[in-house]
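J.: sequence unknown, structure follows:
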Ligand code: NCD
């Protein structure tokens, strides 16, 4: 494949800011590829939230279920997940099924021709010959973006959804997190003005990065980055927030921020990215949500987690009405239905239903 798209070569493309890349992820004014959170604006986020709630309502009745199933009947999707996944994989599969899309999957590069020395680019191009949508999770940061760039140049381009790219981004998780925040604060003035603490491995956790990028779309939000010094948020994201005038504060004491937040977003240590077992030297237990914190957490605040969890949130917390991570899981499926419908321009049919 040639390394030029709409007159721009890959090297120049990579230098562009996220907001400038947006036009390359769009087709005739509609979203096409879902690659990074910087491509979304407030209007898009509000629409996704509204449409997701509408779809959930439609799916409550048999007629609605059949309507949704008919929307993308005959379309096929490839789920290319070469990094472990439970929720994201299954929710994409369920979302496709809800819309009548048939799925194929590759979950281990060892079973594909990459093992015969085929390039990853050729592998993905092969997928694109058989399907109408590629959903991919990959350990390499920026790989989904590279594939979207390459697929834009072929005769029959197919949309790419980034379902997790290394330590970098996980935009669909961020969209479901926004939907969850939006629902939770529906009666409390919405997401604008809310204080959100991100806790844990912020250096290597892609969900936090993607959500922080999206939160610049809301007025007056304040972010707290609560992490051991070795795992604090990367400079690139912090300078983005400064530039976008999003207030944030870094700290390593969780207990101090809990009384003044509207949401606590817990994360596990991402030790799969260790080079030499360095995570073992960090006392991560200081970044666990302890049962006694329930007493100091404001009554309308929420506790989130992208899951999987280890010990950051003990199971006894699950019964508290502020613990909404299992709701996030369910929301993820519906938000992905909405997103796929929007990519194939079925949003209008849904609105009119
Ligand atoms: C997250 C991920 O894969 O980044 N999981 C998810 O998709 N819900 C978080 C994690 O693995 O810790």
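T.: That came in fine, so what should we check first? Model, not experiment: these values are computed from the prediction.
J.: Could you use CA atoms for every contact and neighbour count after this?
T.: OK.
J.: which residues sit against stretch 16-32?
T.: Applying Cα atoms under 8 Å, 6 or more residues apart in numbering, the contact partners of stretch 16-32 are 13, 33-36, 38-39, 148-149, 159-160, 342-345.
J.: and those residues, which are buried?
T.: In these, burial by neighbour count holds for 13, 33-36, 38-39, 148-149, 159-160, 342-344, counting by 16 or more other Cα atoms under 10 Å.
J.: So which of the contacts of stretch 16-32 are in helices?
T.: 13, 148-149, 342-343 (DSSP state H).
J.: Grab the two from these that are most spread out in space.
T.: 13 and 342 (25.1 Å; Cα to Cα).
J.: So, low pLDDT: which residues of the chain?
T.: The model of the chain has pLDDT under 70 over residues 1-6.
J.: Most distant residue from the centre of it?
T.: Of all residues in the chain, residue 116 sits farthest from the chain's C-alpha centroid, using Cα atoms, centre = their mean; the distance is 31.8 Å.
J.: measure it to residue 110 for me?
T.: 9 Å (Cα to Cα, to the nearest Å).
J.: OK, contacts around the residue of the chain found nearest the ligand?
T.: Going by Cα to the nearest ligand atom, the ligand is nearest to residue 306 of the chain, at 4.3 Å. Neighbouring residues of residue 306 by Cα under 8 Å, 6+ apart: 173, 207, 266-267, 325, 328-329.
J.: helix or strand for it, which one?
T.: Following DSSP states H and E, there is no helix or strand that holds residue 306.
J.: Let me see the backbone angles for it.
T.: Dihedral pair for residue 306: phi -70, psi -20, per degrees, to the nearest 10.
J.: Please apply the same query to residue 136.
T.: Backbone geometry at residue 136, expressed as degrees, to the nearest 10, gives phi -130, psi 140.
J.: about what we covered before: just the buried ones from the contacts of residue 306, in PyMOL syntax?
T.: Buried residues within the contacts of residue 306, by 16+ other Cα under 10 Å, are selected in PyMOL with:
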select buried, resi 173+207+266+267+325+328+329
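J.: Redo the contacts of residue 306 as a markdown table? Include distance to residue 138 and secondary structure.
T.: Shown next, in a markdown table, are the contacts of residue 306 (distance: Cα to Cα, whole Å; DSSP: H, G, I helix; E, B strand; the rest coil):
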| residue | distance to residue 138 | secondary structure |
| --- | --- | --- |
| 173 | 15 | helix |
| 207 | 14 | helix |
| 266 | 23 | strand |
| 267 | 19 | coil |
| 325 | 24 | helix |
| 328 | 22 | helix |
| 329 | 21 | helix |
